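Student: Sharing a sequence plus its predicted fold:
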Amino acid sequence: MSQPTIRVLIAKPGLDGHDRGAKVIARALRDAGMEVIYTGLRQTPEMIAEAALQEDVHVVGLSILSGAHMALVPRVVELLRAQGQGQVHLFVGGIIPDEDLPKLKALGVEDVFGPGASTQTIAARVRQAAEGRAPSPGP
């Protein structure tokens, strides 16, 4: 029996208006056989959690270039859990300082991808998480 199609929500939280990276990742995940829902720019954490619930996704990917990740990610996590979506895997991409990585991981973020991360690596890690497999060592 084949695995169900992995459903991924890609979102741009906050006031960041740069979405090229999010669109590239959305396309790469689609090309990898996943169903991708892109919410567009300037989403609130509430909008993201509601979209994840309505779309019944396995994975949420947040693209954040504004520096507001330590305010936005905890709120998204809180809302996902409050809506009974604690099983949804969360990934973050963007400009994230190294010192914030342990804090994001402690919140439950599966992985953080910075500029230059390969789309193949991102797709593989998203697939591993959604299928419940342990991640392979990163680049």
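Tutor: That came through, no problem. Numbers count the residues shown, from 1 in each chain.

Student: Which strand or helix spans residue 50?
Tutor: Applying DSSP states H and E as the criterion places residue 50 in helix 45-55.

Student: now that helix: mean pLDDT?
Tutor: Averaging pLDDT along helix 45-55 yields 98.

Student: where along the chain do the strands fall?
Tutor: Using DSSP state E, the strands of the chain run over 7-11, 35-38, 59-64, 89-94, 109-113.

Student: Quick one, which of these gets closest to residue 44.
Tutor: Closest approach to residue 44 among the strands of the chain (Cβ to Cβ): strand 7-11, 9.7 Å. All C-beta atoms are positioned from the backbone trio N, CA, C, and that covers glycine.

Student: pull the longest helix from the chain.
Tutor: helix 69-82 (DSSP state H).

Student: Any regions of the chain where pLDDT drops low?
Tutor: Along the chain, segments meeting pLDDT under 70 span 1-2, 133-139.
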